[in-house]
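Q: let me see the structure of the following:
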Amino acid sequence: MIDSGASFDFTPHREWFCEYEKYDGGDVFLGDDGKARTVSRRKVKLKLQDGRVRIVPSVLHIPALAKNLLFVRKLDDVGVKTVFEKDTCKMVREALVLMRGVRIGTLYKLQGSTVVDGCNNSMVPESGAENLVVSGEKTMLWHQRLGHIGEKGLRIRHGKVMVEGMSNISLVFDFCENCVYGKQNRVSFPSSGKRVKHILELVHCDVFGPVKVPSLGKSMYYVSFIDDFSRNTWIYFLKKKFEVFDRFKERLWWKTT
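A: The predicted structure follows:
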């Protein structure tokens, strides 16, 4: 269960832990004013619908609980945003959808399964779970067919019966690598507020090397001098790096030109 009111991640299942240690975490107060004892904690592996495995750290083992609880605020502390919609919810970090949940009755349940010694224990009821997987695959297919359309546009077309094979629950799709690459922007260099107004007022110098294959003259480096105003460039080939300063002194006539 995806819970915004719990204080930790809880499970009553000892066999779900991939790592386990005794831990006296005291009592947890339940909704009926009863108390349940925390006996241990560690990690639980979750296998999501797309086959990815996520590790939930610091899960508390409370045998007296009746349900498994995934704490929303704890995800928020590590930069994961939980978005609740009409029949679904999703946990996202930036552009990546990490996990999804579906609404069953008045609760939201995580889509996926626990990984226990190579075997999976279902966390979503068996009835309809298989259809969710097939429907989710068709959602991604329509997303690609329609030029990597967004979730909002896909919902509009689903409402107009323009796409087939999807349910309301599956109208969200997981991480699309092509969408991420396509929306990336190259960060521009900040523009300088100062521009030179005269030749040789500002000269850029750069040294390159050593190269793997030397030149015909056995040079392993080169140094370049570029005038910022005229963009005139001087290049010197060097056999040793310490020759850079000698080439620089040769250009001292800049000051008198």
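Q: per-domain residue ranges of this structure.
A: 1-125, 126-176, 203-256 (automatic domain parsing).
Q: could you tell me how many residues sit around P12?
A: Residues lying near P12 (other C-beta atoms under 10 Å) number 14. For every residue, glycine as well, the C-beta is placed using N, CA and C.
Q: now do the contacts for it.
A: When contacts are counted by C-beta atoms under 8 Å, 6 or more residues apart in numbering, P12 touches 61-68.
Q: let's see that with 10 Å instead.
A: 36, 61-68 (C-beta atoms under 10 Å, 6 or more residues apart in numbering).
Q: how about K45, secondary structure?
A: strand (DSSP: H, G, I helix; E, B strand; the rest coil).
Q: residue contacts, it?
A: Contacts of K45 by C-beta under 10 Å, 6+ apart are 16-19, 53-56, 113-116, 120.
Q: could you dump the residues you listed to TSV with distance to D9, neighbour count and pLDDT?
A: Formatted as TSV, the contacts of K45 follow (distance: C-beta to C-beta, whole Å; neighbours: other C-beta atoms under 10 Å; pLDDT from 0 to 100):
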residue	distance to D9	neighbour count	pLDDT
W16	11	21	80
F17	12	19	81
C18	14	15	79
E19	14	12	78
V53	16	11	76
R54	12	14	75
I55	11	12	80
V56	6	21	79
S113	16	18	78
T114	12	22	78
V115	16	18	77
V116	16	15	71
N120	19	13	43
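Q: in the stretch 151-257 of the chain, which spans are strands?
A: Secondary structure of the stretch 151-257 of the chain (DSSP state E, counting those that start in this stretch): strands located at 203-208, 221-227, 233-238.
Q: the second one packs against which elements?
A: The helices and strands touching strand 221-227, judged by 3 or more C-beta pairs under 10 Å, 6 or more residues apart in numbering; DSSP states H and E, are strand 203-208, strand 233-238, helix 244-250.
Q: give the rounded mean pLDDT of the longest one.
A: Over the span of helix 244-250, the pLDDT mean works out to 85.
Q: cool, and the first one?
A: For strand 203-208, mean pLDDT is 90.
Q: list the buried residues in that strand.
A: Buried residues in strand 203-208, counted by 16 or more other C-beta atoms under 10 Å: V203.
Q: how about stretch 19-30?
A: Applying 16+ other C-beta under 10 Å to stretch 19-30 flags 20, 28 as buried.
Q: and that stretch, how far apart are its ends?
A: 26 Å (C-alpha to C-alpha, to the nearest Å).
Q: contacts for that stretch next, please.
A: If you take C-beta under 10 Å, 6+ apart as the criterion, stretch 19-30 is touched by 6-8, 10, 14, 34-45, 55, 57-62, 64-66, 69.
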